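Undergrad: Here you go, sequence then predicted model.
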Amino acid sequence: MIDNRLSNKIAFFHILGLLLVIPIHITLKVDPAFAHFFVSPFRIFCHAFQPIYFGLAGFLFFQNFNEDILDKCKNKIMNRVKSLFVPYVLWNVMAFGLYLLLVRYGIKSYLVDNFQSLYASKNIFDLIFHIPVDEHLWFIQDLIVVSILSYPLYYVLNKNKWYSLLVLVIASVFIHQTKMASITSFAIGAYVGINKRDLLVSACKSKILCISCIIGSIAVIFLQLIFTFPMNTLFMLSWITALSLWYIYDVMHLDRRLCSVKMGGVRKYFFFVYLAHDPLLSIVCHKLSVWSVHSLENSIIIYFLVFIGIITLVAFLGFLIDKYFHRVFAFLTGGR
């Protein structure tokens, strides 16, 4: 069972994972020193939330599985049709519709040029189910894929235990496909959920693990800056950083500090930020790069203004839609 402490912890990491997608997508042209010593390491750090998000998805999917496994998998998958598949298709169709409107009325913009360069040779089916029109929705696409694979994954993990996980981890490092890394991260969480392992560890044990993982995280960031690993390899190496963050939460006793905050209630607005941020962020970065590249000071100020401003603006927009058009908001966010 998931108690309030663990529920708050999971919600905290879900929210951080959704928000820290933004820096990965910030494409500002900035001062070279700022880019090298902050932007690049920070992006690598932000990637840590991708595996932990899939891991938590796997854990939550297989919570309280005792019998009737096939029926429970079917029910979970049907729930995800509403919470993942519907918003995934809807936001892709809206993005494609926006592109068609801009082209139809001859509006020249960065969005049109970017779309044409990436997707000119693709049909609508490919744009939704292979390479999303809204590129960042690959994350939702992979969550849909791992949900569909839940039953065979359960069978493999339940029969072969940790051996199957080891095979998946090795395959994820060498197979240059992010979907493989997504499946493996989901499987790690699924293994924990199936075997009912405790996700909450003692503070003393956390400190030892935390120090080890922090050292490993720093090593991963430096190695990535030097060698530039393929995305799938970075995805798996980011588990080291993900684990350090998971333990830091306990070491800093954040559960006590956040116990009065109802994070589950605001999580839906940050999911909306994740879904809706990309077009606005792309335009803002394109326009502001003229000023942000001029000096180190400009780069720092504009970078953080964009980061905080996009989150605040889009979250507030989501709040207004939810308040005055709740059904529309629920439809856009998969019933959240």
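TA: All right, it came through fine.
Undergrad: could you give me the average pLDDT of stretch 305-313?
TA: Mean per-residue pLDDT for stretch 305-313: 95.
Undergrad: What lies in contact with it?
TA: By Cβ atoms under 8 Å, 6 or more residues apart in numbering, the list of residues contacting stretch 305-313 from outside reads 19, 22-23, 26, 28, 270, 273, 277, 280-281, 284-285, 288. Using the backbone N, CA and C atoms, a C-beta is placed for each residue, glycine as well.
Undergrad: Restricted to helices, list those residues.
TA: Among the contacts of stretch 305-313, the members found in helices (DSSP state H) are L19, I22, P23, F270, V273, H277, L280, L281, V284, C285, L288.
Undergrad: Provide a ChimeraX selection command restricted to the buried entries of these.
TA: To isolate the buried subset of the ones in helices among the contacts of stretch 305-313 in ChimeraX, counting by 16 or more other Cβ atoms under 10 Å, use the following:
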select :19,22,23,270,273,277,281,284,285,288
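Undergrad: What pLDDT is listed against F325?
TA: If you check F325, the pLDDT there is 95.
Undergrad: Check G97 too.
TA: 82.
Undergrad: ok, it to P279 distance?
TA: Shown here: G97 relative to P279, a distance of 12 Å by Cβ to Cβ, to the nearest Å.
Undergrad: Compare those two (neighbour count), which wins?
TA: P279 (17 against 11; other Cβ atoms under 10 Å).
Undergrad: can I assume the more buried one is in contact with L98?
TA: Yes: between P279 and L98 there is a contact under Cβ atoms under 8 Å: 6.8 Å.
Undergrad: quick revisit: could you single out the nearest of the ones in helices among the contacts of stretch 305-313 to N75?
TA: Taking Cβ to Cβ as the measure, N75 sits nearest to F270 out of the ones in helices among the contacts of stretch 305-313, at 26.2 Å.
Undergrad: what residue ranges in the protein score low on pLDDT?
TA: By pLDDT under 70, the low-scoring segments of the chain are 1, 66-67, 105-130, 200-207, 210, 253-264.
Undergrad: one step back: how about the ones in helices among the contacts of stretch 305-313 in a markdown table, adding distance to F42?
TA: Listed next are those as a markdown table, based on distance: Cβ to Cβ, whole Å:
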| residue | distance to F42 |
| --- | --- |
| L19 | 13 |
| I22 | 11 |
| P23 | 6 |
| F270 | 19 |
| V273 | 18 |
| H277 | 17 |
| L280 | 21 |
| L281 | 16 |
| V284 | 18 |
| C285 | 15 |
| L288 | 18 |
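Undergrad: out of the ones in helices among the contacts of stretch 305-313, what pair is the most spread apart?
TA: Across these, the longest distance by Cβ to Cβ is 23.1 Å; it joins F270 and L288.
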